[in-house]
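[1] My questions are about this predicted structure, shown below with the sequence.
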Amino acid sequence: MTTTEHSPADPALDPLRLARERFLSGRPLPDGVPDEVVAAWRRARFFGVPHDLREPSADPVRPVESALLEAARAVLDRIAPALGPGRSVLVLTDERLRVLWTAGGVAGLDPWPDLSERVVGHNSAALALRTGRRAEVHGPEHYLDRWQDVSAVSVPVRAAWTGQALGTVTVASELCAGCPPHPGAPLAEAAAAAVEAELLARARPPERILLDAYLRAARGPDAAVVALDGLSRLVSAAAQRMLAPESLDALERTAVAVRHQEMPAEAVVPEGAGCTARITPVRRDGTVIGIVAALEPLRDPPPRAPRPAVALVGCSVAWRHAVGRAVELARSREPLLLTGERGTGKTALARELLGGRAARVADAAENGELDRALAELAEGRPLLLRHAERLAQSGVAALNSLLDAHPEAPLLVTYTPGTPPGPCLQRLLDTLAARSVTLPALRERPEDIRELLTALAPRPAAGSPPLTWALDALRALERYPWPGNVTELAHVVRALAEHRRASGPVRRAELPDPVRDGPAVRPLSPMEHAERTTILEALRRHGGNKARTAAALGIGRATLYRKLRGYRS
């Protein structure tokens, strides 16, 4: 289907067709176009999706085994005859919107192997997965030319024991008159419900028992109940509003301890949580398989404790050692150098080290500001100088002269290694080397990520639940190497907090593609471990620049890329 020949099934969509054509040609849009449709078109353009796409660029890698497909196939085979010949298509996707199964057919509507927005732009399956509810997309709401005369309705398929979206069921047809609602909506909802029932019937007995215990305890809209077994989380809406992420993590640790030790369960929510928890073990054949926690708000909840500064968050040995060393050196008013990759938190830590002192903050690239800042530093005012690697030759010379005259000046400098420094800058670094601290990259302290997630998430609005994380999402976040370090993690958390529409804990499927997919891991030999350590150290010295790293190691850039890929394959 293309934009050159359209069915007149619904003239009400003609203004939207005109708006789409104006969007594609770069002209201003008329009033009245739904914001969510315009946002979807813009995402497709950002992803580089061609609106006149004819063929898939490549078939997606489908899962070798799919529990969803295995459970759904028999159900959908029974439902497919209800489509009618040549009228509709029934489609099943997984949580990444890869098409697992199709039935039926519509003239001109060929099956498509991947329905993610990054591949085909706006469509009902992607919308249903993002919003967590039934979604319809009609005609010109689609981004692709080929779907301008198509109407589709999609329903998410969820695992009953976790609430996680496992995929979608879609019914697509020729553009329907008077839509919405799509005439295939009842069929799509019935198919999704039947697949969910089949999944529940196939669930492991412990999962079904935990779900039954949760449902018994969570009767009523105001019941604040959590069920956990160390693998799955079932959290009622009232509990989401009440529990902070650290409280939920504490309950999960209790569930694991109870399962492994079969010890009596005690309420373990942290002080300041604002609620108490009554914990009931869930048993199967006499063995504890999980817990159900019923929450009760305190009558006089304690005031919410202030959040720790992100720059100080972390319990890993590498981070605590670096922060402890920086705090110790900052006790005197002598110069201090903080180095590390971009995004590791050098500036944030420097601000914390300054405390309440009336310090000046200057960027090394701004020469006019730097001159004034150095003059004040000479008079004794503390200075935080950011990005020393950007200093011009004159600025480096002025700073070296100042330190020669005032070796105990209250100066904090941040430096990101990159290109080899010139002689003048190298002299400055050598001067500060005795009082320098290197901050570790986030990939070197993955155990700090859970604590950082809590500190980085914006405070929720009154009555809104805090951002929480499912186990599969946490594991993906901890496996990802984070080339942009804490800054990159903060962007991911902020984007989810601001733009997420689904409820409940953040699932792995909601994470950005690179984070969600993550690097594959294989065991490394002792020689590979040594080689990998050398390469990572060189990358850190050169600020992550692979060309300079390869040159410093005496190998070709292609060789460096091949070795880095080999560590992940």
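    Perfect, thanks for sending it. Numbers count the residues shown, from 1 in each chain.

[2] Run through the neighbouring helices and strands of the helix or strand hosting V292.
    Per DSSP states H and E: V292 is located in strand 287-297. Secondary-structure packing of strand 287-297 (3 or more Cβ pairs under 8 Å, 6 or more residues apart in numbering; DSSP states H and E): helix 205-217, strand 225-228, helix 237-242, helix 245-261, strand 275-284. C-beta: built from backbone N, CA, C; applies to glycine.

[3] Could you look over the ones you listed and pick the most buried one?
    Highest mean neighbour count among the helices and strands packed on strand 287-297 (mean count of other Cβ atoms under 10 Å): strand 225-228, with a mean of 26.

[4] and that one, what other elements does it pack with?
    helix 205-217, strand 233-235, helix 237-242, helix 245-261, strand 287-297.

[5] Please repeat the previous calculation with a cut-off of 10 Å.
    helix 205-217, strand 233-235, helix 237-242, helix 245-261, strand 275-284, strand 287-297 (3 or more Cβ pairs under 10 Å, 6 or more residues apart in numbering; DSSP states H and E).

[6] Let me know which of these is the nearest to A192.
    Closest approach to A192 among the helices and strands packed on strand 225-228 is made by helix 205-217 (17.8 Å; Cβ to Cβ).

[7] residue contacts, the most far-flung residue of the chain relative to its centre?
    Distance to the chain centre peaks in the chain at A405, reaching 49.0 Å (criterion: Cα atoms, centre = their mean). The neighbourhood of A405, defined by Cβ atoms under 10 Å, 6 or more residues apart in numbering, consists of A378.

[8] Look at it and report its pLDDT.
    Looking at A405, its pLDDT stands at 90.

[9] Likewise for the one 3 residues further on?
    At E408 the predicted local confidence, pLDDT, stands at 89.

[10] Check A322 too.
    On the pLDDT scale, A322 gets 89.

[11] now do the same end-to-end measure for stretch 329-343.
    With Cα to Cα, to the nearest Å as the measure, stretch 329-343 spans 22 Å from end to end.

[12] Averaged pLDDT, that stretch. What do you get?
    Mean predicted confidence for stretch 329-343 is 91.

[13] so which of the helices and strands packed on strand 225-228 comes closest to P423?
    Nearest of those to P423, taken as Cβ to Cβ: helix 245-261 at 49.5 Å.

[14] In CSV, list the helices and strands packed on strand 225-228 along with distance to P140 and mean pLDDT.
    Output for the helices and strands packed on strand 225-228, formatted as CSV (distance: least, Cβ to Cβ, whole Å; pLDDT from 0 to 100):
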stretch, distance to P140, mean pLDDT
helix 205-217, 42, 84
strand 233-235, 39, 80
helix 237-242, 36, 78
helix 245-261, 41, 78
strand 275-284, 49, 86
strand 287-297, 47, 87
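
[15] so how far is whichever strand or helix holds E136 from its chain's centroid?
    Per DSSP H and E, E136 falls inside strand 135-138. Relative to the centre of its chain, strand 135-138 is centred 26 Å away, using Cα atoms, centre = their mean, to the nearest Å.

[16] what lines up beside that strand in the sheet?
    Sheet pairing of strand 135-138 (DSSP bridges) gives strand 150-158 (antiparallel).

[17] State the mean pLDDT of the partner strand.
    pLDDT averaged over strand 150-158 gives 94.

[18] Not counting its neighbours along the chain, what's nearest R133?
    Excluding its sequence neighbours, the residue lying closest to R133 (Cβ to Cβ, 6 or more residues apart in numbering) is P156, at 7.1 Å.

[19] and that neighbour, what does it touch?
    Contacts of P156 (Cβ under 10 Å, 6+ apart): 93, 95, 125, 128-135, 164-169, 192, 196, 502.

[20] still on that earlier bit, could you dump the helices and strands packed on strand 225-228 into a markdown table with distance to V49 added?
    Formatted as a markdown table, those follow (distance: least, Cβ to Cβ, whole Å):
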| stretch | distance to V49 |
| --- | --- |
| helix 205-217 | 38 |
| strand 233-235 | 34 |
| helix 237-242 | 34 |
| helix 245-261 | 35 |
| strand 275-284 | 46 |
| strand 287-297 | 43 |
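
[21] Between the ones you listed, which one is closest to D149.
    D149 sits nearest to helix 237-242 of all the helices and strands packed on strand 225-228, at 39.7 Å, using Cβ to Cβ.

[22] Does anything pack onto the closest one? Which helices or strands?
    Contact analysis of helix 237-242 by 3+ Cβ pairs under 10 Å, 6+ apart lists strand 225-228, helix 245-261, strand 275-284, strand 287-297 as its packing neighbours.

[23] Save the ones you listed as CSV, and put in distance to D52 too.
    Listed next are the helices and strands packed on helix 237-242 as CSV, based on distance: least, Cβ to Cβ, whole Å:
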stretch, distance to D52
strand 225-228, 49
helix 245-261, 45
strand 275-284, 55
strand 287-297, 52
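
[24] among the ones you listed, which is nearest A348?
    Short answer: helix 245-261, nearest of the helices and strands packed on helix 237-242 by Cβ to Cβ, at 20.7 Å.

[25] what's the distance between that closest one and the middle of its chain?
    With Cα atoms, centre = their mean, you get 23 Å for helix 245-261.

[26] now do stretch 332-352
    How far stretch 332-352 lies from its chain's middle: 27 Å, per Cα atoms, centre = their mean.

[27] Buried residues of it, list them for me.
    For stretch 332-352, the neighbour count (16 or more other Cβ atoms under 10 Å) marks 335-350, 352 as buried.

[28] Could I get the CA-only coordinates of stretch 372-390 as PDB?
    Output in PDB follows, covering the C-alpha atoms of stretch 372-390 (Å, rounded to 0.1, in the frame of the first residue of the first chain):
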ATOM      1  CA  ARG A 372      38.900  36.400  36.600                       C
ATOM      2  CA  ALA A 373      38.800  33.000  38.400                       C
ATOM      3  CA  LEU A 374      42.600  32.800  38.600                       C
ATOM      4  CA  ALA A 375      42.800  36.300  40.000                       C
ATOM      5  CA  GLU A 376      40.400  35.400  42.800                       C
ATOM      6  CA  LEU A 377      42.300  32.100  43.400                       C
ATOM      7  CA  ALA A 378      45.500  34.100  44.000                       C
ATOM      8  CA  GLU A 379      43.600  36.100  46.600                       C
ATOM      9  CA  GLY A 380      42.600  32.900  48.400                       C
ATOM     10  CA  ARG A 381      39.100  32.100  47.000                       C
ATOM     11  CA  PRO A 382      38.600  28.400  46.300                       C
ATOM     12  CA  LEU A 383      38.400  27.500  42.600                       C
ATOM     13  CA  LEU A 384      36.800  24.400  40.900                       C
ATOM     14  CA  LEU A 385      38.400  24.300  37.500                       C
ATOM     15  CA  ARG A 386      36.500  21.900  35.200                       C
ATOM     16  CA  HIS A 387      37.900  20.100  32.100                       C
ATOM     17  CA  ALA A 388      41.600  21.000  32.400                       C
ATOM     18  CA  GLU A 389      42.200  19.000  29.200                       C
ATOM     19  CA  ARG A 390      40.500  22.000  27.400                       C
END
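
[29] Need phi/psi at the residue nearest to the spatial centre of the chain.
    Ranked by distance to the mean C-alpha position of the chain (Cα atoms, centre = their mean), the top residue is L511 at 3.6 Å. Dihedral pair for L511: phi -70, psi 160, per degrees, to the nearest 10.
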